[in-house]
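[1] 3D, please:
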Amino acid sequence: MLKRITSKVGALAMLAVVMPAAVTTAPAAARQSDPVRQVTAGGYHACEIIGAQAYCWGDNSWGQLGDGTKANQWTAVPVRAPRGVVFTQLTAGFDHTCGISGAKAWCWGNSGTSEFPATPVPVPAPRGVVFTQLTAGHDYTCGIGGGRAYCWGENIWGQLGNGDTTDQRTPVPVRAPQGVRFTQLTAGNHHACGIGGGRAYCWGNGGGGELGDGGTANQTAAVPVRAPRGVVFTRLAAGDGYTCGIGGAGTYCWGNGGHGQLGDGGTANRTTPVPVLAPRGVVFTQLTAGFAHACGISGTGAYCWGEGADGKLGNGNTKDQRTPVPVRAPQGIRFTRITAGYSHTCGTSGVRTWCWGYGNRGELGNASTATRTTPVEVQFARHPLNGRILVDPRTGSASP
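    Alright, predicted model coming up:
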């Protein structure tokens with residue numbers, strides 16, 4: 001997702017950290033089986049869906065948490081959605097968030113328009129377009145409606161894919177080859193990619209080779225990725241200046257490799273896909289791409305690679321890793337979903353959510369602003385599944 005040149009230190013004047021003083025547990029009858037869940041990490045915030053409620057935590061400078069304020073939150077807080085709006089999908093950009101509820105898309109925070117709402121507002125989709133998937137990048141968003149791709153927001157690099165570089169406040173169609181119907185989209189920092197008709201396409205900033213077309217020129221319309229012979233991509237994940245994809249039993253990355261985020265054992269940029277050197281027996285079924293680190297889920301656990309600063313690889317240190325290394329999950333925890341932000345990563349296991357990496361804006365959600373090199377559990381004012389009530393670390397009183 002996502003890059004903005006900001007100072008991690010200068011942007012914050014946080015209060016001293018006070019850890020929760022008490023935890024209580026609801027009766028067993030109040031606990032539920034795992035409902036529909038999703039977790040998504042943005043620049044310095046993260047969000048997830050639990051049941052019928054969306055929650056966010058971390059940086060809230062632009063209202064990207066959707067709780068009606070601009071205050072950072074160190075624990076998960078409910079998104080203040082309009083009455084009747086129940087999100088079934090969320091996507092977090094650098095400092096905005098979007099979601100789908102029923103036949104409408106909603107966004108909040110800095111989505112690349114001139115308004116910065118602190119609660120969800122509807123996206124004015126073209127007539128007849130119902131979005132079924134959304135993906136958010138740096139101050140822009142893309143979605144699929146009826147097999148066509150649409151994007152809106154900032155467009156300085158051509159990341160909206162509509163043939164020019166003019167910002168757009170409402171969704172415009174991506175210019176794709178005739179007959180291409182997209183089934184998946186992913187938005188990186190200033191480029192986006194999609195899968196359609198058995199091929200992968202990218203558009204936007206190409207300076208690091210992240211479009212995978214063999215060159216480094218920007219593209220204002222979708223161009224095909226030059227996949228290795230016989231490789232058909234089924235999943236893509238775009239980061240800042242690089243892209244990764246799953247094709248068959250292999251995982252490939254291309255673009256900027258300066259921190260080892262291509263996972264090929266080196267740090268060179270690549271203008272076409274190269275194989276990720278996963279450990280023997282590791283086959284990734286899910287991918288996520290952050291600023292300069294990527295992660296994946298396999299049957300043997302979660303792995304990350306690339307930039308290790310702030311501990312976002314979750315392996316217990318801050319060193320860059322040029323090939324995938326296992327996340328040091330707590331005993332008994334196996335992640336089934338994973339998402340990478342600017343300098344933090346989050347994952348879910350059962351009914352619990354964990355984050356690791358940079359925490360200065362509360363993006364780890366553990367009632368602290370400390371950086372963590374291994375996973376820590378996200379805390380809720382009142383967890384919707386197990387009923388635990390936490391003491392607000394800033395007031396010392398029990399959350400309602």
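
[2] residue contacts, the most centrally placed residue in the chain?
    Nearest to the mean C-alpha position of the chain, by Cα atoms, centre = their mean, lies Ala41 at 3.9 Å. Shown in contact with Ala41 (Cβ atoms under 8 Å, 6 or more residues apart in numbering): Met1, Ala92, Thr288, Gly290, Thr339, Ala340, Gly341, His344, Thr345, Cys346, Cys355, Glu363. Where you see a C-beta, it was placed from the backbone N, CA and C, and this is true even at glycine.

[3] so which of these sit within strands?
    Those of the contacts of Ala41 mapping onto strands are Ala92, Thr288, Thr339, Ala340, His344, Thr345, Cys346, Cys355, per DSSP state E.

[4] still on that earlier bit, quick check: closest non-adjacent residue to the residue nearest to the centre of the chain.
    Gly341 (3.3 Å; Cβ to Cβ, 6 or more residues apart in numbering).

[5] that neighbour: how many residues sit nearby?
    Gly341 has 29 neighbours, counted by other Cβ atoms under 10 Å.

[6] cool, Arg280 as well?
    4.

[7] format the ones in strands among the contacts of Ala41 as TSV; extra columns: distance to Asn72 and pLDDT.
    Output for the ones in strands among the contacts of Ala41, formatted as TSV (distance: Cβ to Cβ, whole Å; pLDDT from 0 to 100):
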residue	distance to Asn72	pLDDT
Ala92	15	98
Thr288	23	98
Thr339	19	98
Ala340	20	98
His344	14	98
Thr345	19	98
Cys346	16	98
Cys355	15	98
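
[8] separation between the residue nearest to Ala41 and Gly357?
    For Gly341, the distance to Gly357 equals 8 Å [Cβ to Cβ, to the nearest Å].

[9] check Ala41 too.
    For Ala41, the distance to Gly357 - Cβ to Cβ - is 9 Å.

[10] mind listing the shared neighbours of the two?
    In contact with both Ala41 and Gly357: Gly341, His344, Thr345, Glu363, using Cβ under 8 Å, 6+ apart.

[11] and of those, the nearest to Tyr55?
    Nearest to Tyr55 among those: Glu363, at 13.1 Å, using Cβ to Cβ.

[12] lowest confidence element among the helices and strands of the chain?
    strand 23-24 (a mean of 24; mean pLDDT, DSSP states H and E).

[13] just the helices from the protein, written as ranges.
    For the chain, no helices are identified by DSSP state H.

[14] where does it dip in pLDDT?
    Applying pLDDT under 70 to the chain flags the ranges 1-36, 114, 382-400.

[15] repeat that for 90
    1-37, 51, 111-115, 300, 350-351, 380-400 (pLDDT under 90).

[16] buried subset of the shared contacts of Ala41 and Gly357, written for PyMOL?
    This is the PyMOL syntax for the buried subset of these, where burial follows 16 or more other Cβ atoms under 10 Å:
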select buried, resi 341+344+345+363
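
[17] which one among the shared contacts of Ala41 and Gly357 gets closest to Gly265?
    Distances from Gly265 to those, taken by Cβ to Cβ, are shortest for Thr345, at 21.3 Å.

[18] re the thing from before, want to throw the ones in strands among the contacts of Ala41 into TSV with distance to Gly66?
    Formatted as TSV, the ones in strands among the contacts of Ala41 follow (distance: Cβ to Cβ, whole Å):
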residue	distance to Gly66
Ala92	11
Thr288	21
Thr339	17
Ala340	21
His344	19
Thr345	21
Cys346	17
Cys355	18
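
[19] looking at those, which one is closest to Ala176?
    Using Cβ to Cβ, these come closest to Ala176 at Thr288, 24.0 Å.

[20] contact partners for the closest one?
    Contacts of Thr288 by Cβ under 8 Å, 6+ apart are Ala41, Ala237, Ala294, Cys295, Gly296, Ile338, Thr339, Ala340, Thr345.

[21] one more time with 10 Å, if that's ok
    By Cβ atoms under 10 Å, 6 or more residues apart in numbering, the residues touching Thr288 are 1, 39-41, 186, 237, 239, 244, 294-297, 302, 304, 337-341, 345-347.

[22] with Ala217 instead?
    So Ala217 contacts Asn205, Gly206, Gly207, Leu211, Val223 (Cβ under 10 Å, 6+ apart).

[23] just among the residues you listed, which is most surrounded?
    That'd be Leu211 among the contacts of Ala217, by other Cβ under 10 Å, with 33 neighbours.

[24] so how far is Gly161 from the nearest residue to it once chain neighbours are set aside?
    The shortest distance from Leu211 to any non-neighbouring residue, by Cβ to Cβ, 6+ apart, is to Cys202 (4.0 Å). According to Cβ to Cβ, Cys202 and Gly161 sit 9 Å apart.
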